[in-house]
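Undergrad: Give me the fold of what follows.
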Amino acid sequence: MCTRFSRVSDGKVLAQRFLIEGPVLEMRPDYNISPTDPVYVVVEDNGKRVLRRMFFGLIPSWSKDPKIGVKCLNARSETVDKLPAFRDAFRKRRCLIPTDGFFEFARNGTKRIPHRIVMKNREPFAMAGLWDRWRRPDGKDIESCAIVTTEPNILIQKIHNRMPVALRREDEGLWLSPHVTEPKTLLPLLKPYSAEEMDYYQVSAAVNSSREKSEECIKPAAEEESLFS
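TA: All right, here's what the predicted structure looks like:
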């Protein structure tokens, strides 16, 4: 599962990278985005790319209980077009979830050793996302999202058996397009990103706590703590 990631780039950088139209949003870095946290996502709205703030953990529109969101953090690429929680969003409500890096936890005995996976050029990239809108009993709409995951590439498999779908830049427009609804067109996009373009490093155990939101979460661990050579 991918349940932790970071977004350090500011609104100006995201606007340039993801071709956002409209005013540049003021945003502080998010060093440890965790389940139920608010996140910024890119959606296509009336032919324009815009940033929206949603909660991490998708609440299907038909759900009776919003707590289902903590169970819908990730949508597996193998079943995203079939499971009731995700199949409608897969066809109609897809988004880009900007990130500078995501966290995966390797096992060392009983310990979970956190690693941050980034692009070698350290630039922000888009994770394939789904979103939905749920209406509270008081009539207020809540928008939430989930990350689509796939099998790991040869780099990530050293750490974990799943990874988020990192979309290639040339595929982002297709993923966002509301005019594309056929699984046969969308499913081929959900493949592992090239390992040659990615990197990882071990980070402080501070990130293990979802309450820790400081820059310590993305700093490299001390060299003597490294799990992999």
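
Undergrad: what's the helix or strand containing residue 106 in contact with?
TA: Per DSSP states H and E: residue 106 is located in strand 101-108. Contacting residues not belonging to strand 101-108 are listed as 2, 4-6, 32, 112-118, 127, 156, 158-160, 163-164, 203, 207-208, 218, 227-228 [Cβ atoms under 8 Å, 6 or more residues apart in numbering]. Just so you know, the C-beta spots here come from the backbone N, C-alpha and C atoms, and that holds for glycine as well.

Undergrad: mean confidence score for it?
TA: Mean per-residue pLDDT for strand 101-108: 93.

Undergrad: Mind listing residues that contact stretch 57-77?
TA: Against stretch 57-77 from outside (Cβ under 8 Å, 6+ apart): 1-3, 35-36, 55-56, 83-86, 88-90, 130-136, 142, 144-150, 162, 164-165, 187, 190-191.

Undergrad: Emit the ChimeraX select command for whichever of the residues you listed are buried.
TA: To isolate the buried members of these in ChimeraX, using 16 or more other Cβ atoms under 10 Å:
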select :2,3,35,55,56,85,86,89,90,130,131,132,134,144,145,146,147,148,149,150,162,164,165,190,191
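
Undergrad: In strands, which of the contacts of stretch 57-77 fall?
TA: 55-56, 130-135, 142, 144-150, 164 (DSSP state E).

Undergrad: Confirm residue 80 sits in a strand?
TA: No. Going by DSSP: H, G, I helix; E, B strand; the rest coil, the assignment for residue 80 is coil, not a strand.

Undergrad: Which residues are in contact with residue 17?
TA: Under the criterion of Cβ under 8 Å, 6+ apart, the neighbours of residue 17 are 9, 98, 123-124.

Undergrad: Could you work out the most separated pair of those residues?
TA: For these, the farthest-apart pair by Cβ to Cβ is 98 and 123; their separation is 10.7 Å.

Undergrad: between those two, which one's more packed in?
TA: residue 98 (23 against 12; other Cβ atoms under 10 Å).

Undergrad: Please work out which residues outside whichever strand or helix holds the more buried one touch it.
TA: Here residue 98 sits within strand 94-99, counting by DSSP H and E. The contact list for strand 94-99 (Cβ under 8 Å, 6+ apart) reads 5-7, 9, 14, 17-18, 39-43, 52, 54, 124-131, 145, 147, 167, 172, 175-176, 186.

Undergrad: so it versus strand 141-150, what angle?
TA: Relative orientation of strand 94-99 and strand 141-150, computed by axes from the mean of the first three to the mean of the last three Cα atoms, to 10 degrees: 80 degrees.

Undergrad: CA atoms only for strand 94-99 - export them in CSV, please.
TA: Provided in CSV are the C-alpha atoms of strand 94-99 (Å, rounded to 0.1, in the frame of the first residue of the first chain):
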residue,chain,number,x,y,z
ARG,A,94,-9.8,10.7,-12.4
CYS,A,95,-7.2,13.1,-11.1
LEU,A,96,-3.4,13.7,-10.7
ILE,A,97,-2.0,13.7,-7.2
PRO,A,98,1.2,15.8,-7.3
THR,A,99,4.1,14.6,-5.2
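
Undergrad: Which parts of the chain are helices?
TA: Counting by DSSP state H, one finds helices in the chain at the ranges 11-17, 87-92, 172-176, 183-186.

Undergrad: just so I know, which of these lies nearest residue 213?
TA: helix 11-17 (18.4 Å).

Undergrad: So what pairs up with residue 33 in the strands?
TA: residue 5 (DSSP bridges).

Undergrad: residues touching it, list them.
TA: Taking Cβ under 8 Å, 6+ apart, we find residue 33 in contact with 4-7, 39, 56.

Undergrad: Among the contacts of strand 101-108, name the buried ones.
TA: So, by 16+ other Cβ under 10 Å, the buried ones in the contacts of strand 101-108 are 2, 4-6, 32, 113-118, 127, 156, 159-160, 163-164, 203, 207-208, 218.
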